[in-house]
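[1] Next input, structure requested:
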Amino acid sequence: MTAPSGREALRRRVRRRLLLTTVVLVVLATGGVVLATGVATSPRSAPRSAPPPPATAKVVKTDLVDRVKVDGTVGYGTATALTGRKAGTLTWLPEQGKVIGRGESLYAVDAVGVKLLLGTTPLYREIRTGVPPGPDVTVLQENLVALGHKEAGPPDGEFGAKTERALRKWQKAAGLPQTGALGPGDALVLPGAVRVDGVTAQLGAAAEGELMKVTSTGRLVTAEIDQARRAYVPVGAKVEVVLPGAHTVPGKVLSVAAGTGEEQKKELVVVIGLDDPAAVPESGQVGVVLSGARRDGVLAVPVRALVAPAGGGYAVEVLREGRRDLIGVEPGMFASGLVEVSGPGLTEGAEVVIAS
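    Here you go, the predicted model:
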């Protein structure tokens, strides 16, 4: 093979340099595009935003009531025993759930009904002509009038001829022997109509002794609370009964009694009457809101507004013209997420910082 001449070798070296130069330029050009692209697409640092303003609340002047919510059960209250006082054999007893009102039979002895009379004084003697005046006679007269026998006269406690005639008419209408007299076992006096919760006696048994358990006829709420909360449930206290769906019905404490059994001696059984018994279900669980101590017309802030300075005690931060002033306060009653506060310079309407 013939070796290239010097001129030809020079031309080849020039072509290689030109080719190398072209490659370098292309690489540099490509790198420049990438660099430019990188610079163009790199994110810029976002400017820092100002911190949000602090959450605040107003100092309010309000009434604070310490409330507590407990569980309650809808029913007919605590059942009490009904005891017979007439000698003989039981020939009829009511069924469970039966409601018995004034003048109706509670049970039957020797096929004669023992009637229910309403009042607060039980029959403690035979009422007949010649009996001295007494509260039991007044109860009989009140019931005779209520049952439509107005000729019994005004309830004055004296058993006279008019009262005797009215008694005989009632005995005839009620299917009783028309004796014109009423013995202690011929009727039972109770405060109101009753609902039979359960029968404990049997037909054919002696009619004296416990016969059944009865309750009131209206729906009631029963709740158990700790003895330490006795002050929340004085008899007559108003309460709120919370039904499913958060609907509330007003109520009133009717009675408070100690629980039974070793474990329940620390509990109180509270019976609550309802302003509108028809508004609650016949049974089920409800909430009962009880009210305790009360403070009227006090300054209050949200509990989260309280701070604990290093030196001890409590304070609130008050916003004034863009600055925060720390004011020492004395906390009082806590209720419904608020706390009663008092301190120098603290006024209604002041804006205080609350923890977020």
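[2] For the stretch 251-356 of the chain, give me the ranges with low pLDDT.
    For the stretch 251-356 of the chain, applying pLDDT under 70 flags the ranges 260-265.
[3] all strands for it, in order.
    Here the stretch 251-356 of the chain has its strands, by DSSP state E, counting those that start in this stretch, at 267-274, 284-302, 314-320, 323-335, 338-342, 351-353.
[4] From the contact counts, what lies against the first one?
    What it means is strand 267-274. Helices and strands touching strand 267-274, by 3 or more C-beta pairs under 8 Å, 6 or more residues apart in numbering; DSSP states H and E, are strand 220-226, strand 238-242, strand 248-258. No exception for glycine: its C-beta is placed from N, CA and C like everyone else's.
[5] Let me know which of the ones you listed is the nearest to residue 160.
    Each of the helices and strands packed on strand 267-274 has some distance to residue 160 by C-beta to C-beta; the shortest is strand 248-258, at 37.4 Å.
[6] list the helices and strands the closest one packs on?
    strand 238-242, strand 267-274.
[7] export the last one as CSV, just CAs?
    Taking C-alpha atoms only, strand 267-274 is exported to CSV below (Å, rounded to 0.1, in the frame of the first residue of the first chain):
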residue,chain,number,x,y,z
GLU,A,267,-75.8,6.0,95.0
LEU,A,268,-79.0,8.1,95.2
VAL,A,269,-82.1,7.0,93.3
VAL,A,270,-83.8,10.1,91.8
VAL,A,271,-87.4,10.0,90.4
ILE,A,272,-88.2,12.7,88.0
GLY,A,273,-91.7,13.8,86.8
LEU,A,274,-92.1,15.1,83.3
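[8] Looking at the helices and strands packed on strand 248-258, which one is packed in the most?
    By mean neighbour count, with neighbours taken as mean count of other C-beta atoms under 10 Å, strand 267-274 ranks first of the helices and strands packed on strand 248-258 at a mean of 21.
[9] Now tell me what touches that strand from outside.
    Strand 267-274 is contacted by residues 72, 77-78, 218-227, 229-230, 233, 239, 241, 249-259, 280, 288 when judged by C-beta atoms under 8 Å, 6 or more residues apart in numbering.
[10] returning to what we had before: just put the helices and strands packed on strand 248-258 in CSV and tack on distance to residue 59.
    CSV is the format used below for the helices and strands packed on strand 248-258 (distance: least, C-beta to C-beta, whole Å):
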stretch, distance to residue 59
strand 238-242, 28
strand 267-274, 36
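[11] Which one, of those strands, ends up nearest to residue 305?
    For those, proximity to residue 305 was assessed by C-beta to C-beta; strand 238-242 is nearest, at 27.7 Å.
[12] who touches stretch 321-339?
    Counting by C-beta under 8 Å, 6+ apart, 60, 62, 64-67, 293, 295, 298, 300-303, 305-307, 309, 313-318, 340-346, 353 sit against stretch 321-339.
[13] Kindly export the host helix or strand of residue 188 (C-alpha atoms) in PDB.
    Here residue 188 sits within strand 187-190, counting by DSSP states H and E. Output in PDB follows, covering the C-alpha atoms of strand 187-190 (Å, rounded to 0.1, in the frame of the first residue of the first chain):
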ATOM      1  CA  ALA A 187    -111.500   0.200 100.100                       C
ATOM      2  CA  LEU A 188    -107.900   1.300  99.900                       C
ATOM      3  CA  VAL A 189    -106.900   5.000  99.900                       C
ATOM      4  CA  LEU A 190    -103.900   5.900  97.600                       C
END
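[14] picking up where we left off before, please type out the PyMOL selection for whichever of the contacts of stretch 321-339 turn out to be buried.
    Per 16 or more other C-beta atoms under 10 Å, the buried members of these correspond to this PyMOL selection:
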select buried, resi 62+64+66+67+298+300+301+302+305+306+307+314+315+316+317+318+340+341+343+346+353
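[15] Spatially central, which residue of the protein would that be?
    Centroid-nearest residue in the chain, with C-alpha atoms, centre = their mean: residue 288, separated by 1.8 Å.
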